[in-house]
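[1] got a predicted structure here, sequence first:
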Amino acid sequence: MTAGALRHHARIVIGGIAVGVETQDGAFLRLLEERYSGFIEAAADRNYADYEFVVDLAPPADTSPDDDIRVFRQGRQWLFQRGDFRAEWDPATRRGRIRQSANPYSIDAVLRIVHTLVLAGEGGFLLHAASAVLDGKAFAFAGVSGAGKTTISRLAPPDVHLLTDEISYVRKEADGYVAYGTPFAGELAKAGENLKAPLAAVYLLAQGPENRIDEVSATEAARGLLTNILFFAEDTDLVRAVFQSALHLVERVPVRRLTFVPDARVWELIRRGARSADGWHA
């Protein structure tokens, strides 16, 4: 960074974890403020974030953000690489550096990677799932692309608070598991609400001829959860930790199969489940 250059700071707070961003480019800061609206706060100094990254902007690479991500250790540092960015991060100092062009997709990927690494050490994870708060409880709707995450989000009634239609944030806390809102949007192209609520149930989505909730075996529940967990790191110990986290959640949070017709009546079934003693019976 050039001596004396104006530096812009912001922090992006997701899941209660603040990631600071420092850049020389005011236009890039404004891009971040728009991209993470509701999750970003301006900051006047460096002593404000749990983790901090300096972003060095470069000309756009002749590659696609759909290229495979590599996340691996080199000494005590983590390296994150994709065609459109390269980042390094030292967990000990909690500082890192990103080289990318002035686009929102690269920083988005870095944030997801950092949060997966932090959560892996705490018993939580990011999940390919829509999630929402109903009657003070959070419900996650997990599934691969096309399973119905965006559909069920669009069908939500006005009193439901949408946390995300794409990437759910699950933290293990003292009283159990908590789902947080995220700015990681799917087809709705809209950030979730910056809220949190205790996770009452995880539904494995399937579209079918009727609305129904079915029990699944512990094995199927764990498999469905693991299939939808986001994790990028080439690290045996952390992969094992994420596997154990999924098994732990299945033991403590109901995981059920939700088959639904794509109309608003499915939310009446979910509402009845939210009001029941164990959070799922209709």
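    Structure's in. What do you need?

[2] for the strand of greatest length in the chain, buried residues please.
    Assignment by DSSP state E gives strand 196-207 as the longest strand of the chain. By 16 or more other C-beta atoms under 10 Å, the buried positions in strand 196-207 come out as Lys196, Ala197, Pro198, Leu199, Ala200, Ala201, Val202, Tyr203, Leu204, Leu205, Gln207. The C-beta positions use only the backbone N, C-alpha and C, and glycine is treated the same way.

[3] could you find the closest non-adjacent residue to the second one?
    Same thing as Ala197. Closest residue in space to Ala197, ignoring its immediate chain neighbours: Ala138 at 4.0 Å, by C-beta to C-beta, 6 or more residues apart in numbering.

[4] thinking the one you found is in contact with Ser131, fair?
    Yes. Ala138 lies in contact with Ser131 (C-beta atoms under 8 Å); the separation is 5.8 Å.

[5] what's the neighbour count on the closest residue to Gln207 other than its chain neighbours?
    Nearest residue to Gln207, sequence neighbours excluded (C-beta to C-beta, 6+ apart): Gly148, at 5.2 Å. Residue neighbour count, defined by other C-beta atoms under 10 Å, stands at 21 for Gly148.

[6] off-centre distance for stretch 135-148?
    13 Å (C-alpha atoms, centre = their mean, to the nearest Å).

[7] quick one, helices of the chain?
    26-35, 104-120, 149-154, 218-228, 236-252, 266-275 (DSSP state H).

[8] got CSV for those helices, with distance to Leu126 too?
    Below are the helices of the chain laid out as CSV (distance: least, C-beta to C-beta, whole Å):
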stretch, distance to Leu126
helix 26-35, 17
helix 104-120, 6
helix 149-154, 14
helix 218-228, 10
helix 236-252, 10
helix 266-275, 22
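
[9] would you convert the ones you listed into TSV that also reports distance to Leu127, mean pLDDT and mean neighbour count?
    As requested, the helices of the chain are exported to TSV (distance: least, C-beta to C-beta, whole Å; pLDDT from 0 to 100; neighbours: other C-beta atoms under 10 Å):
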stretch	distance to Leu127	mean pLDDT	mean neighbour count
helix 26-35	21	93	15
helix 104-120	10	96	21
helix 149-154	10	95	22
helix 218-228	5	96	17
helix 236-252	9	96	16
helix 266-275	17	88	18
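
[10] all set now, cheers.
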